[in-house]
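1. Give me the fold of what follows.
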Amino acid sequence: MSEAANGMGPEIVGSEARVTQRVTWWRRRGLILGACTVVLAALMVTDTTFVSTDERDAAAETAVEYAEQNYLSEVVPTIEESATPVDELLTAIVADPEAAGEEFGSREGENKPYSYATRASGTFVEGEFGEIGLDVSGIPDGLSVGVAVPPLGSSTAIRDAGTEATFGQFENQTEYQNVAIELNKQVVAHVFEPIDIESLVGQEVVVTGAFTWASDTGGEIDHVTIVPVSIEVAS
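-> Numbers count the residues shown, from 1 in each chain. Below you'll find the predicted structure:
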């Protein structure tokens, strides 16, 4: 579930066991041949260029580098191109969460919640702590929508919906989690720093971004919070 504002206000572009046994002489030839095969394979590996599982994203050793290299060039375009209208998306999720996730969403692993790229048109209203409300029509009864405001913390919505980054690309789980945090910092820099978000309360806007279908309390989901990559005031 896009660069900077142009100054005219308001489009923001924003362990395997080891078995040891004695080997009789008549088996040693096979072992020698096997060893030769291993050596040959090793030589082949040293002459092979491996491509990351995510060929699209620029190579990076740290979360900071990844975010800086990919946010504007890959993450934002990916979210914008795959964004589904929020009313259509929420209707599909409520009807069949798993099917909707497979069709529209992406997630870190099988036991993790789906994140979705979305686009929402509505009016900014007063919201709960950490967000600004978005009055949107056409969504299922009992659901509400908000837009996250800084600080964005460790939400993984942008990382999961906007990249194909995997844990294996980074040194450890912490660095992988930091990718989400660093991408959120990019959102702050490119979307929020150029504007006064509070001044947009009452205005009609189009928000493009991503949200994770999950409950903060572990209970029933009745609210989604979009992390934006673009906020545009409707003309």
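2. tell me which element the residue nearest to Phe170 when sequence neighbours are not counted is part of?
-> With sequence-adjacent residues excluded and distances taken as CB to CB, 6 or more residues apart in numbering, Phe170 is closest to Tyr176, at 4.7 Å. All C-beta atoms are positioned from the backbone trio N, CA, C, and that covers glycine. Element membership for Tyr176, per DSSP states H and E: helix 173-187.
3. Check the gap between Phe124 and Val207 for me.
-> Distance of Phe124 to Val207, computed by CB to CB, to the nearest Å: 9 Å.
4. Which of the helices or strands spans Pro113?
-> Short version, using DSSP H and E: Pro113 is in no helix or strand.
5. Now do the buried residues in the helix or strand containing Glu102.
-> Assigned by DSSP H and E, Glu102 belongs to helix 97-104. Neighbour counts over helix 97-104 (16 or more other CB atoms under 10 Å) mark Ala100, Gly101, Phe104 as buried.
6. related to what we said a few turns ago, point out the other helices and strands that the helix holding Tyr176 packs with.
-> Contact analysis of helix 173-187 by 3 or more CB pairs under 8 Å, 6 or more residues apart in numbering; DSSP states H and E lists helix 63-70, helix 157-162, strand 223-233 as its packing neighbours.
7. Can you pull out the residues in contact with that helix?
-> If you take CB atoms under 8 Å, 6 or more residues apart in numbering as the criterion, helix 173-187 is touched by 14, 62-64, 66-68, 71-72, 75, 152-156, 158-160, 162-163, 165-167, 169-170, 227-229.
8. Among the residues you listed, the buried ones, what's the ChimeraX command?
-> Per 16+ other CB under 10 Å, the buried members of these correspond to this ChimeraX selection:
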select :14,63,66,67,68,71,72,75,152,155,156,158,159,160,162,163,165,169,170,227,228,229
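9. Ile195 contacts Glu232, correct?
-> No: using CB atoms under 8 Å, Ile195 is not in contact with Glu232; the gap is 10.8 Å.
10. Distance check, Thr78 against Thr174.
-> 24 Å.
11. what's the answer for Ser144, then?
-> Distance from Ser144 to Thr174, by CB to CB: 33 Å.
12. what's the answer for Val75, then?
-> Taking CB to CB as the measure, Val75 falls 20 Å from Thr174.
13. Same question for Asp87.
-> 37 Å.
14. Phe211 too?
-> For Phe211 relative to Thr174 (CB to CB), the value is 24 Å.
15. So for those two, which residue has more residues nearby?
-> Just comparing Phe211 and Thr174: by other CB atoms under 10 Å the higher neighbour count belongs to Phe211, 30 against 9.
16. just to revisit the earlier point, dump the helices and strands packed on helix 173-187 into CSV; add distance to Leu183 and mean pLDDT as well.
-> Output for the helices and strands packed on helix 173-187, formatted as CSV (distance: least, CB to CB, whole Å; pLDDT from 0 to 100):
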stretch, distance to Leu183, mean pLDDT
helix 63-70, 5, 96
helix 157-162, 5, 98
strand 223-233, 9, 98
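17. which residues of this protein fall in strands?
-> In the chain, the segments counted as strands under DSSP state E are 84-85, 105-106, 115-125, 131-135, 144-148, 204-212, 223-233.
18. Can I get these in a markdown table including distance to Lys185?
-> Shown next, in a markdown table, are those (distance: least, CB to CB, whole Å):
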| stretch | distance to Lys185 |
| --- | --- |
| strand 84-85 | 26 |
| strand 105-106 | 21 |
| strand 115-125 | 18 |
| strand 131-135 | 17 |
| strand 144-148 | 13 |
| strand 204-212 | 15 |
| strand 223-233 | 12 |
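19. so which of those gets nearest Thr91?
-> Across the strands of the chain, Thr91 has its closest neighbour in strand 84-85 (9.6 Å, CB to CB).
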